[in-house]
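K.L.:
sequence-free structure coming up:
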């Protein structure tokens, strides 16, 4: 049998784990050393607590830490709560299929683009205010209201929720069928429980067990996000993660020491918040059991259904209208404040800056395609190793898949950059691709693993009985049959790569510019027309990927009925 | 026409170390051995052991000897043991001709010669001109015939049937069953049939073994 | 074999070890042919990006030099990159060939020996520079340039305002404070450490200090606390009246253009006298916007380009620096439809045809004439900026 299997296949799982965890562990090490004062390149070879003292001297530390915790917990709790509410109130109905169809495209809108759109919508000078002024509000100039970049991080939390809600919803939908929720709900309803109460008591506890890791990933992400925080978050002071990036980019290399210390503090904060969350899980579970024990049936479902509908509708509207607004800005002539529409439509901005965006688009695609190709090859190799050699990943394996999503980027990427500086390694396009791969692999694996494992194993047995080698089976049978899922996984991989901000910024050392880094850099300049161009290009790239993943199989298998939708 | 024979020598299959199913039998060319038993007794697993495609967690002892050659340690593709399942398992991404070509062993001449062989095979099962069709557009009986012919084109030395007729309606069932048995006899193939249908066993006309769960 | 090696050695060694000699300009032009110059320049403004792209096209045409604009969000990024290369022992073939620089970044690079040169005063076009009339071209925030950087644009603080909403702008810092008290929320400044925000503080300091000469000394050699006490008192009063009550700030200067266009503010600070006119030309500001300077003058400085000690394409970088000093490039930079930057050249040193390039420029309705712009106040010593930034952060940067 081994003659038939390239040696590489046996080592694929180990290689994949190494490629994912190697950078995380190396980066953590590269953070740990300078945090305790060890930085030989700066002539610091002893250990000390000075970086932490320096960090403590920063007057914004307390507020920055508080922001990280409050926005992270609020965004996660809201996203999860709304996900549960939408499912409890609507899952299994015709209305739900509409909501699902409306919400899932939000997943393909990059975080930064969604944040830009929301910023323009809700700002005191934004589209909503324009639409209502001056006839309803009496405003001829925008009111001096602290809506964006508010010191409490409310706008930032909102920006996170509209993106994390569809993510958790999709994760839930993938997990739900195995729970047979309709059966549970039918039983509960036959016992006179209301729909929402019945669903929450019988389905949600089991569902939560299945989406726990994605929820943790959302918490870790929301606490440490940088691009959304730069666009929507406060600056007096900023959340801790943003301040770390500022110190990392300071010409004074000495500031990398407090930056490393802050990264460790940030890691500790995330760990503490995860523990807190875990504790709250237990408390809520107990409360839920007590509630179930009381036997109260819950009253009218209508208010809950309306609230869920409102939340879902608001999320969709915020993102889509925001993007539409940015699109309009990119072709706007002069656009004075209370006017709901610009004076004139012009292609000037696109003509002047569209050309300049092309090389950035090319770099973005180059990085995304390489990272996705590497992730796909490794994932397929792992899945084939599992099928041919029985090398299963198990619980530990799936935890490892989530590790790059649970360890905050801000805790290990600066360390990776510092490590490169210490060792003199050159940071280049290759390193950016590899850094992206760390985050692309988990999503590609999670997306492709299920359909791949679900494929009827008898196809392989038939092929083998017909004399096909494993290689022939893979290329002529598995891969064509898996074309749809493989393309979907690739589209997800591209979306993840296109959205990466911190790995591109820190590992590319500013030399590699993608649509996301460029858009966030432009955010500071505030020119909505150009931000509009970049946000649209960013979103367009991702959507093009998903569209191809949807259309290509239909074109290729136009004459094969069972290949459309099936398998 | 060679004279085939399949010997299943004290084959025992274990699931996670526990004995699951065992068989010791010799099947002559052109003969059909029917294995019956309740579901869950491990009939399909037994066939997987013979084709060499046991899933992880299972292992076997004993030998499978085909025409005097011990194939127990050979990879599945080298054993030349054909198998038909209750589903036709036609590859949905290939045309009817593509499915047959997948089965046809290499080294049968150039592309034109292979195409000619496939056309002849289609004539043989009454599906002349069906080569470019999408398998999804075929009826159940047509699919079963293509699946059989795909298997025969791979030139097997023995044939396994895993509830191969259970999905077909009563009319087609007898028809396809006759076709399979006739072809197997023509080629002098030893056949091992797993079924829970007594009618299948009667039609096969060979010895019948009843499997029972290990006590 | 050895003879062959010996013969080949000079050929190999010349480009590796000998830096081009700016005094031998023909040799510089020869060496520059075919080089790619990575110009690390702030990329936050689309107008400067366009200008840099134009300059690239021109030097490719004239001298076969390819220009790559590395767009920085902060000049400090380029400085830290060179520093990182030096730390890693990369003494040649560096990634940065030319940096748009001035002030603290220049001081830091000069002090750490990160710059190549002197070369600037050997450039063929150096003779056209107005050294006497614009002393800032050889004193960068009081630090002598010593030929380590070449000036290419003059900047001076101006304020722009929308006459449609604010007919009579306040002309002193005190008047600004009083006006803002009556119109809370209608003014702000970019958040330090953005240089424009720090410049606003320095401009305010100028108006509140009796003897501005002390600003030319390093901050640790003067009585900083006493000297800045009036400034902080003023800022304490000003801050609650700022846009968003000083709880949020624009992060850069150009951000104020959008805020002005949206009608969020009535008054904004700029370091580029032509910025408002350029924005009007681009449809980003209404044509009712005008500029003014504070009574008593405003701070001015020069923008420079410098070459890192380990730059890979020094000759190409010098060719570009020299081109930036040409009347063609300078006149284009001054055109408000392009950049609206002040020129560093002396008009009386130019040939008639070149002078005509400037004379025919339409400066734009929102741009002050050189006479209205008035004299530029010199930049304080860089240490002032660092100290004021830190104090600002302690006092207002965590305003929760």
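P.N.:
All right, it came through fine. Predicted, not measured: the structure shown is a model, and the values here were computed from it.

K.L.:
so the one residue in chain B that gets nearest to chain C, which of the three states?
P.N.:
For chain B, the residue closest to chain C is residue B:93, as judged by CB to the nearest CB, at 46.7 Å. Yep, even glycine has a C-beta here, placed from its N, CA and C like the rest. Recorded secondary structure, residue B:93: coil (DSSP: H, G, I helix; E, B strand; the rest coil).

K.L.:
what's the helix or strand for the closest residue to it other than its chain neighbours?
P.N.:
Nearest residue to residue B:93, sequence neighbours excluded (CB to CB, 6 or more residues apart in numbering or on different chains): residue A:480, at 4.3 Å. In the assignment (DSSP states H and E), residue A:480 maps to helix A:479-481.

K.L.:
cool, and residue B:60?
P.N.:
Per DSSP H and E: strand B:58-66 holds residue B:60.

K.L.:
Residue A:497 now?
P.N.:
Per DSSP H and E: helix A:483-499 holds residue A:497.

K.L.:
which other helices and strands contact the following helix or strand past that helix?
P.N.:
Where DSSP H and E defines the elements, the next helix or strand beyond helix A:483-499 is helix A:502-507. With contacts taken as 3 or more CB pairs under 8 Å, 6 or more residues apart in numbering or on different chains; DSSP states H and E, helix A:502-507 sits against helix A:240-248, helix A:409-423, helix A:429-454, helix A:515-525.

K.L.:
If we use 7 Å, what do you get?
P.N.:
helix A:409-423, helix A:429-454, helix A:515-525 (3 or more CB pairs under 7 Å, 6 or more residues apart in numbering or on different chains; DSSP states H and E).

K.L.:
right, is the shortest one up against chain C?
P.N.:
Yes. Legend: contact between helix A:515-525 and chain C by CB under 7 Å from any CB of the partner chain is shown at A:521, A:524-525.

K.L.:
And for the second one?
P.N.:
No. Remark: helix A:429-454 sits outside contact range of chain C, by CB under 7 Å from any CB, the gap being at least 12.9 Å.

K.L.:
tell me which element residue 96 is part of?
P.N.:
Using chain A. Residue-wise, residue A:96 maps onto helix A:94-103 under DSSP H and E.

K.L.:
What residues sit buried inside that helix?
P.N.:
A:96, A:99-100, A:102-103 (16 or more other CB atoms under 10 Å in any protein chain shown).

K.L.:
from the middle of its chain, how far away would that helix be?
P.N.:
21 Å (CA atoms, centre = their mean, to the nearest Å).

K.L.:
what does that helix contact?
P.N.:
Applying CB atoms under 7 Å, 6 or more residues apart in numbering or on different chains, the external contacts of helix A:94-103 come out as A:86, A:90, A:166, A:169, A:173, A:312, A:315-316.

K.L.:
State the mean pLDDT of it.
P.N.:
For helix A:94-103, the mean per-residue pLDDT is 89.

K.L.:
Kindly calculate the angle that the helix or strand just after it makes with helix A:483-499.
P.N.:
Scanning forward in sequence from helix A:94-103 by DSSP H and E, the next helix or strand is helix A:111-122. Going by axes from the mean of the first three to the mean of the last three CA atoms, to 10 degrees, helix A:111-122 is angled at 70 degrees with respect to helix A:483-499.

K.L.:
I would like the residues contacting helix A:111-122, please.
P.N.:
Contacts for helix A:111-122 (CB under 7 Å, 6+ apart): A:126-128, A:147-148, A:155, A:158-159, A:162-163, A:227-228, A:231-232, A:318-319, A:321-323, A:325-326, A:499, A:501, A:516, A:519-520, A:528, A:531, A:535, A:538-539.

K.L.:
Per-residue pLDDT of residue 55, please?
P.N.:
By default, I'm working from chain A. For residue A:55, pLDDT reads 94.

K.L.:
if you could check chain B rather than the one you did, that'd help
P.N.:
Per the predicted model, pLDDT is 84 at residue B:55.

K.L.:
helix or strand for it, which one?
P.N.:
Residue-wise, residue B:55 maps onto no helix or strand under DSSP H and E.

K.L.:
if I look at it, how far off is residue A:322?
P.N.:
From residue B:55 over to residue A:322 the distance is 50 Å, taken as CB to CB, to the nearest Å.

K.L.:
Chain C contacts on chain A?
P.N.:
A:41, A:59-60, A:63, A:125, A:141-142, A:144, A:146, A:149, A:151, A:234-237, A:249-251, A:253, A:333-334, A:336-337, A:353, A:356, A:421, A:424, A:509-511, A:513, A:521, A:524-528, A:530.
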